[in-house]
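Student: Got a predicted structure plus its sequence, pasted below:
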Amino acid sequence: MPEQKIKISPSLLACDFSRLGEEIRAIVTAGADMIHCDIMDGHFVPNITFGPPVVAKLRSHCSVPLDVHLMIERPEDYVENFVDAGADIITFQVEATRHPHRLIRRIQELGCKAGIVLNPGTPETAITYLADMVDMVLVMSVNPGFGGQAFIPEMLEKIAKIRAMIGERDLEVDGGIDENVAPAVVKAGANVLVAGSYIFSHHSYQEAVQLLKAAGNGRD
């Protein structure tokens with residue numbers, strides 16, 4: 001498989017929410033390829049973030065794709081709202097719905113890219129029959145709910161196995177990504193890196209984004 005361009009998707013979970021529009025414009029200017037929106041409901045994960053009305057407001061400030069990650073129970077009840085709000089990519093947790101096949105098709109029918117997400121404790125075999133349907137697979141390399149956690153190294157083997165399953169489709173990794181972790185993650189097969197704390201706590205967003213891209217491109 002030819003090498004893929006490394007894409008950076010900064011997670012808004014770590015940004016300054018009092019300056020949300022400004023933060024988005026700054027991170028896009030810094031070279032972000034997409035913006036990662038962590039949607040949490042306080043049930044599937046122990047945290048609450050924001051919903052479709054905020055995503056709709058983000059859309060007017062964002063010139064790159066909105067990468068919306070649903071960490072919520074019954075995601076099938078909300079995908080239309082997020083598509084209407086301006087999501088370009090919707091990923092949902094395979095653990096959160098009884099009918100992932102149906103939900104992937106529904107998201108795609110609505111004109112949005114569809115992806116599926118696996119928590120650290122969920123084996124890659126959970127998506128074997130879905131691998132040819134999705135536009136993206138997202139591997140959580142921390143247990144979801146809070147930013148700033150350390151990367152779980154055992155996820156590298158899972159990333160490699162999923163890359164073998166999905167061919168050239170996007171493989172995203174979220175959790176504990178920084179310039180030290182990025183080379184191993186990309187070498188294992190990821191081409192989309194989600195980073196929150198690393199980017200938004202850096203003195204220069206542009207430098208942080210470029211460091212991640214350089215680390216990923218220096219895979220060998």
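Tutor: Received it, and whenever you're ready, just let me know what you need. Numbering: from 1, shown residues only.
Student: contact partners of stretch 41-54?
Tutor: The contact list for stretch 41-54 (C-beta atoms under 8 Å, 6 or more residues apart in numbering) reads 13, 20, 37-40, 71-73, 78, 81-82, 84-85, 93, 95-96, 144-146. All C-beta atoms are positioned from the backbone trio N, CA, C, and that covers glycine.
Student: Could you do stretch 133-140 as well?
Tutor: 69, 89, 91, 101, 104-105, 108, 113-120, 127, 131, 155, 158-159, 162, 165-166, 169-175, 190, 192, 194.
Student: Could you rerun that using 6 Å?
Tutor: 91, 104, 113-120, 155, 158-159, 162, 166, 170-175 (C-beta atoms under 6 Å, 6 or more residues apart in numbering).
Student: And that stretch, what's buried?
Tutor: Buried positions in stretch 133-140, judged by neighbour count with 16 or more other C-beta atoms under 10 Å: 134-140.
Student: just stretch 59-79 next, same as before
Tutor: By neighbour count with 16+ other C-beta under 10 Å, stretch 59-79 contains the buried residues 59, 62, 64-73, 75-76, 78-79.
Student: Only C-alpha atoms, please: export the one helix or strand in the chain whose mean pLDDT sits lowest in CSV.
Tutor: Within the chain, no helix or strand scores below helix 205-217, which has a mean of 92 by mean pLDDT, DSSP states H and E. What follows is helix 205-217, C-alpha atoms only, in CSV (Å, rounded to 0.1, in the frame of the first residue of the first chain):
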residue,chain,number,x,y,z
TYR,A,205,-0.4,25.8,17.3
GLN,A,206,1.4,25.8,13.9
GLU,A,207,4.5,24.4,15.4
ALA,A,208,2.6,21.7,17.2
VAL,A,209,0.7,20.7,14.0
GLN,A,210,3.9,20.6,11.9
LEU,A,211,5.8,18.6,14.6
LEU,A,212,3.1,16.0,14.5
LYS,A,213,3.1,15.9,10.7
ALA,A,214,6.9,15.6,10.6
ALA,A,215,6.9,12.9,13.2
GLY,A,216,4.3,10.9,11.3
ASN,A,217,6.1,11.4,7.9
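Student: Who are the packing partners of that helix?
Tutor: helix 182-188 (3 or more C-beta pairs under 6 Å, 6 or more residues apart in numbering; DSSP states H and E).
Student: Relative to the next helix or strand after the helix it packs on, what are the paired strands and their orientations?
Tutor: Counting by DSSP states H and E, the next helix or strand C-terminal to helix 182-188 is strand 192-195. Strand 192-195 pairs in its sheet with strand 7-10 (parallel), strand 170-174 (parallel), by DSSP bridges.
Student: Which parts of the protein are helices?
Tutor: 20-29, 52-59, 79-85, 100-109, 155-166, 182-188, 197-200, 205-217 (DSSP state H).
Student: what's the distance between the longest one and the middle of its chain?
Tutor: On the basis of C-alpha atoms, centre = their mean, to the nearest Å, the separation between the geometric centre of helix 205-217 and that of its chain is 17 Å.
Student: Taking the buried residues of stretch 59-79, tell me the two that lie furthest apart.
Tutor: V64 and E73 (28.6 Å; C-beta to C-beta).
Student: Give the burial count for P153, as a bare number.
Tutor: By the criterion of other C-beta atoms under 10 Å, P153 has 12 neighbours.
Student: Skipping adjacent residues, who's closest to it in space?
Tutor: A184 (8.0 Å; C-beta to C-beta, 6 or more residues apart in numbering).
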